[in-house]
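Visitor: Would you be able to build a 3D model of this:
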Amino acid sequence: MFDFDQYLGFIAFLTILTIGFWLMIFLLTFVVPYWLFGNLMEMYKERREAKKAQRNE
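Guide: Numbering: from 1, shown residues only. Coordinates of the predicted model:
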């Protein structure tokens, strides 16, 4: 049915496909929300400091 090199190619394909799938899951569930939350917190801090500096002038 399969030669040994075809079997290794199929296993390599499945491995790469699985790694890509789990990488996408990791990026969408952890990295992107972490990045968005960090940016929002940084924007909030900058606006708060700008308001504080404007009040002190």
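Visitor: and the helix or strand harbouring Met43, which residues are buried?
Guide: Assigned by DSSP states H and E, Met43 belongs to helix 32-56. By 16 or more other C-beta atoms under 10 Å, helix 32-56 has no buried positions at all. The C-beta positions use only the backbone N, C-alpha and C, and glycine is treated the same way.
Visitor: Over to stretch 18-29?
Guide: In stretch 18-29, no residue is buried by neighbour count (16+ other C-beta under 10 Å).
Visitor: Low-confidence ranges, the chain, go.
Guide: Regions of the chain meeting the criterion pLDDT under 70 are absent.
Visitor: how about 80 then?
Guide: Applying pLDDT under 80 to the chain picks out residues 1-2, 57.
Visitor: Backbone dihedrals for Asp3, both of them.
Guide: phi -80, psi 170 (degrees, to the nearest 10).
Visitor: how distant is stretch 39-50 from the center of its chain?
Guide: 22 Å (C-alpha atoms, centre = their mean, to the nearest Å).
Visitor: can I get the CA coordinates of it in PDB?
Guide: The C-alpha trace of stretch 39-50 is given here as PDB (Å, rounded to 0.1, in the frame of the first residue of the first chain):
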ATOM      1  CA  ASN A  39      -2.400  47.700  24.600                       C
ATOM      2  CA  LEU A  40      -5.700  48.800  26.200                       C
ATOM      3  CA  MET A  41      -4.100  49.100  29.600                       C
ATOM      4  CA  GLU A  42      -1.200  51.100  28.200                       C
ATOM      5  CA  MET A  43      -3.600  53.500  26.400                       C
ATOM      6  CA  TYR A  44      -5.600  53.900  29.700                       C
ATOM      7  CA  LYS A  45      -2.400  54.700  31.600                       C
ATOM      8  CA  GLU A  46      -1.300  57.200  29.000                       C
ATOM      9  CA  ARG A  47      -4.700  59.000  29.000                       C
ATOM     10  CA  ARG A  48      -4.800  59.000  32.800                       C
ATOM     11  CA  GLU A  49      -1.300  60.500  33.000                       C
ATOM     12  CA  ALA A  50      -2.200  63.100  30.300                       C
END
